[in-house]
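1. any chance you can model this:
(one chain, ligands or ions: 1)
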Amino acid sequence: MPFPIHRPRRLRSNSILRRMVRETMLSPSDLIYPLFVTFGKGVRKKISSMPGCFQMSVDNIVKEAQKVYSLGIPAIILFGIPEHKDAKASEAYSPQGDVQKAVKAIKNKVPELMVITDVCLCEYTDHGHCGVIRKGKILNDPTLELLAKEALSHAKAGADMVAPSDMMDGRVAVIRDILDSNGYDDIPVMSYAAKYASAFYGPFREAAESTPSFGDRKSYQMDPANRREALKEVALDIEEGADIVMVKPAMSYMDIISDVKENFDLPVAAYNVSGEYSMIKAAAKMGWIDETKVMMELLTSFKRAGADLILTYHAVEAAKEMNR
Ligand code: PBG
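-> This is a model prediction of the structure:
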């Protein structure tokens with residue numbers, strides 16, 4: 001008879017004891033803060049679907065980066081909103097692109113902050129898809145060349161890490177190859193390895209102005225119903241040379257985070273995406289939940305599930321809470 005010998009409540013009786021037996025500790029070092037870079041000067045434009053997030057021009061991004069670093073957050077990931085979009089996503093790999101300029105400016109002012117760049121075409125194409133289109137089809141292999149060029153231009157600008165999020169087959173290999181053959185063999189690739197075709201990306205598409213003009217992303221992003229396929233995607237990216245593998249979204253994909261952690265020995269990142277963030281903001285605004293507590297519980301849960309790193313729009317608020 002376990003009871004009354006066993007009383008799990010004994011170890012919950014006060015906060016010191018609870019702290020001693022706590023299994024998961026969240027720290028600002030676990031967090032990566034996504035930022036949206038846009039053209040112009042002095043721009044700090046609210047993103048209405050993501051309260052607390054802004055599109056910022058390079059000058060303001062640098063100020064934001066300084067703040068982020070001072071809170072103990074080690075890394076940011078940059079997304080670009082270009083002035084001109086076209087079929088070839090030209091600004092994605094232009095040395096004069098806003099992301100490239102932002103990387104340079106941030107590394108100049110806050111050299112210790114790790115600057116990661118999102119490598120994808122959807123923000124730069126006039127049709128909003130993550131690949132090159134011919135006859136209404138999103139083509140895989142012709143897209144790889146552009147992604148490789150984009151990753152190389154980020155590395156040349158000074159990026160510390162590149163993160164392909166397009167879900168084309170073989171892109172980690174071509175990115176690894178172009179980086180290595182240009183002397184950037186020390187730049188890691190964090191691949192969005194198990195990225196699902198999720199409705200939780202809705203608010204981001206307003207933020208990044210990257211809603212596809214026709215169709216959806218289901219021919220390249222994963223089916224949310226699939227679990228085993230995530231392991232295949234992750235294994236392929238690791239074979240191609242990924243250094244960190246990501247699961248995205250995070251909240252309704254905790255089983256996937258856990259599976260990836262169990263099956264592979266690379267660091268695992270989880271992307272707490274825009275829709276997950278905005279739902280919390282909305283419920284808090286209605287007065288239905290305690291925003292800070294729910295946020296901290298959620299971030300801790302990602303870590304408990306197996307995430308070593310968490311990409312989250314909550315990073316600044318969470319770090320402030322942890323530093324209190
Ligand atoms: C680009 C990209 C997207 C996100 C990150 N990189 C959008 C998409 O795939 O449609 C989503 C991030 C978020 O929702 O927070 N491909």
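
2. what does this structure put close to the ligand?
-> D118, C120, C122, C130, S165, D166, Y201, F204, R205, R217, V273, S274 (CB under 6 Å from any ligand atom). In short, each C-beta sits where N, CA and C put it, glycine included.

3. and those residues, which are buried?
-> D118, C120, C122, C130, S165, D166, Y201, F204, R205, R217, V273, S274 (16 or more other CB atoms under 10 Å).

4. looking at it, the third one is touching I133, isn't it?
-> No - using CB atoms under 8 Å, C122 is not in contact with I133; the gap is 11.5 Å.

5. got the contact list for the longest helix along the chain?
-> Looking across the chain with DSSP state H, the single longest helix is helix 141-157. Applying CB atoms under 8 Å, 6 or more residues apart in numbering, the contact partners of helix 141-157 are 88-89, 92-95, 97, 99-101, 103-104, 117, 119-121, 130-132, 134, 162, 164, 166, 168, 170-171, 174-175, 177-179, 182, 184, 187, 189.

6. buried ones in it, by neighbour count?
-> For helix 141-157, by 16+ other CB under 10 Å, it's 143-144, 146-157.

7. again, but for stretch 247-262
-> 247-251, 253-254, 256-261.

8. again with stretch 23-35
-> L26, P28, D30, L31, I32, Y33, P34, L35.

9. from the chain's centre, how far out does it sit?
-> 12 Å (CA atoms, centre = their mean, to the nearest Å).

10. quick check: mean pLDDT of it?
-> The predicted model assigns stretch 23-35 a mean pLDDT of 98.

11. end to end, how far does that stretch reach?
-> Start to finish, the residues bounding stretch 23-35 are 31 Å apart (CA to CA, to the nearest Å).

12. equivalent analysis for stretch 259-271, please.
-> Start-to-end span of stretch 259-271 (CA to CA) is 15 Å.

13. what's the answer for stretch 121-132, then?
-> First-to-last residue span, stretch 121-132, CA to CA: 9 Å.

14. what's in contact with that stretch?
-> Contact partners of stretch 121-132, identified using CB under 8 Å, 6+ apart, comprise 79-82, 85-92, 120, 133, 138-140, 142-143, 146-147, 150, 165-168, 205, 208-215, 217, 220.

15. picking that back up, and the buried ones among the residues of the chain next to the ligand as CSV, adding secondary structure, distance to N323 and pLDDT?
-> Shown next, in CSV, are those (DSSP: H, G, I helix; E, B strand; the rest coil; distance: CB to CB, whole Å; pLDDT from 0 to 100):
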residue, secondary structure, distance to N323, pLDDT
D118, strand, 27, 98
C120, coil, 32, 97
C122, coil, 35, 95
C130, coil, 36, 95
S165, coil, 30, 97
D166, coil, 35, 97
Y201, helix, 30, 97
F204, helix, 27, 94
R205, helix, 32, 90
R217, coil, 37, 96
V273, coil, 25, 98
S274, helix, 25, 98
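
16. turn those residues into JSON lines, columns for distance to E229.
-> Formatted as JSON lines, those follow (distance: CB to CB, whole Å):
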{"residue": "D118", "distance to E229": "23"}
{"residue": "C120", "distance to E229": "21"}
{"residue": "C122", "distance to E229": "22"}
{"residue": "C130", "distance to E229": "18"}
{"residue": "S165", "distance to E229": "18"}
{"residue": "D166", "distance to E229": "17"}
{"residue": "Y201", "distance to E229": "19"}
{"residue": "F204", "distance to E229": "23"}
{"residue": "R205", "distance to E229": "24"}
{"residue": "R217", "distance to E229": "16"}
{"residue": "V273", "distance to E229": "19"}
{"residue": "S274", "distance to E229": "23"}
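
17. what is the nearest of these to K109?
-> For K109, the closest of those turns out to be D118, at 20.7 Å, with distances computed as CB to CB.

18. and the closest one, what does it touch?
-> With contact set as CB under 8 Å, 6+ apart, D118 has these partners: P34, I77, L78, F79, A163, S165.

19. and of the buried residues of stretch 247-262, the nearest to K41?
-> The shortest approach to K41 among these belongs to K248, at 32.3 Å (CB to CB).

20. now the helices for the chain?
-> In the chain, the helices defined using DSSP H lie at 2-5, 15-20, 58-70, 98-109, 141-157, 171-181, 202-207, 228-240, 254-263, 274-285, 291-305, 315-323.

21. thank you, goodbye.
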